[in-house]
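Trainee: Pasting the sequence and the predicted model now:
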Amino acid sequence: MTLIIGDVAGHDLRAAVMMSQTRNMLRGIASDRKEPPGKILARLDAAHHILYPDQTLTCIYALVERLGRDEPWLLHYAVAGHPAPLLVTHDGETRFLTGGRGVMLGVDPEGHRPAATDTLPPSSTVLLYTDGLVERREEDLGRGLARLRQHAAALAREPLPTFCDGILEGMAGGGSDDVALIAVRTAPPHAGPAVATP
C-alpha cells in the first residue's frame, strides 16, 4: 500500500495546478521504478526542479507492507520537509516517526534523500497530515503537536472514520491553512490494514 501526502506554499490556481502535476509525476515515477521511498523522492525532486525551479513543497512518500502472514507490518518512508507521521498504538501510546527526514522538494535536487523503516504494532494507526492541522499563529508549534498526540491517544481504539473525524474536530479552530490527513490502521496478523482518507 502506498501513502502520499504533500503541501505547497500558496492557495492560488498556479499552486493547485503545480500540486496536481507533481502528484501525477510522483505516481508515474513510483509505478515505473518500484524503488525505495528515498530514491522515489529524489527522482521527483529532480523532475520538479526542471518544471518549477523556484517553487518548494513538502511531501511524504510511504509504503506499508508485510512480507508474510506471520510477519509484522512495516512502514517504509521518506520525508521531504513535511511534518512527521504520528504512530498511535492500540493502547493509546503515541510517538512521531522522525526518521527519513530531508529538505523540502525544490531546495537541493542533487542532495541525498534519506529513508527509514519502522515496525507497526498490530492494531496501531499511522497518521499523515498537513501542517495546517497543527500550526496556529498565536502558539508555538510544539503545543499544536502535543495537542495532536493527546487527541490521537484518546481516539486510539475508535473506528478509523471516527478517529479521523475526532482529530479534525479536536484540532479545529484558529488555523488559516488547508488541512488534509490520511490514516492507516494495521489489523491483527490474519487481516489487512484499513485506510481512511478524509
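Mentor: Nice, thanks for sending it over. Numbers count the residues shown, from 1 in each chain.

Trainee: roughly how far apart are the most centrally placed residue in the chain and residue 180?
Mentor: Nearest to the geometric centre of the chain sits residue 128, at 3.4 Å (Cα atoms, centre = their mean). Going from residue 128 to residue 180 by Cβ to Cβ, to the nearest Å gives 9 Å. Where C-beta positions appear, they are placed from N, C-alpha and C, glycine not excepted.

Trainee: quick one: common contacting residues for the two?
Mentor: residue 5 (Cβ atoms under 8 Å, 6 or more residues apart in numbering).

Trainee: Which helix or strand in the chain has the lowest average pLDDT?
Mentor: Taking mean pLDDT, DSSP states H and E as the measure, strand 194-196 is the helix or strand of the chain with the lowest mean score, a mean of 57.

Trainee: Which stretches in this structure count as helices?
Mentor: 13-33, 37-51, 141-154, 160-171 (DSSP state H).

Trainee: Could you export the ones you listed to a markdown table, including columns for distance to residue 6?
Mentor: Formatted as a markdown table, these follow (distance: least, Cβ to Cβ, whole Å):
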| stretch | distance to residue 6 |
| --- | --- |
| helix 13-33 | 7 |
| helix 37-51 | 10 |
| helix 141-154 | 19 |
| helix 160-171 | 18 |
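
Trainee: what's the distance between residue 1 and residue 74?
Mentor: 11 Å.

Trainee: Tabulate the CA atom coordinates of stretch 164-180 in PDB.
Mentor: Coordinates of the C-alpha atoms in stretch 164-180 are reproduced here as PDB (Å, rounded to 0.1, in the frame of the first residue of the first chain):
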ATOM      1  CA  CYS A 164     -10.200  10.900  11.700                       C
ATOM      2  CA  ASP A 165     -13.400  12.900  12.400                       C
ATOM      3  CA  GLY A 166     -12.300  13.200  16.000                       C
ATOM      4  CA  ILE A 167      -8.900  14.500  15.100                       C
ATOM      5  CA  LEU A 168     -10.400  17.100  12.700                       C
ATOM      6  CA  GLU A 169     -12.900  18.200  15.300                       C
ATOM      7  CA  GLY A 170     -10.400  18.300  18.200                       C
ATOM      8  CA  MET A 171      -7.800  20.200  16.200                       C
ATOM      9  CA  ALA A 172     -10.200  22.700  14.500                       C
ATOM     10  CA  GLY A 173     -10.200  26.400  15.100                       C
ATOM     11  CA  GLY A 174      -7.500  29.000  14.900                       C
ATOM     12  CA  GLY A 175      -5.800  27.800  11.800                       C
ATOM     13  CA  SER A 176      -5.700  29.600   8.500                       C
ATOM     14  CA  ASP A 177      -4.100  26.900   6.300                       C
ATOM     15  CA  ASP A 178      -5.800  24.000   4.400                       C
ATOM     16  CA  VAL A 179      -5.900  20.600   6.300                       C
ATOM     17  CA  ALA A 180      -5.500  17.100   4.900                       C
END
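
Trainee: Distance from that stretch to the middle of the chain?
Mentor: Put simply, stretch 164-180 sits 16 Å off its chain's centre (Cα atoms, centre = their mean, to the nearest Å).
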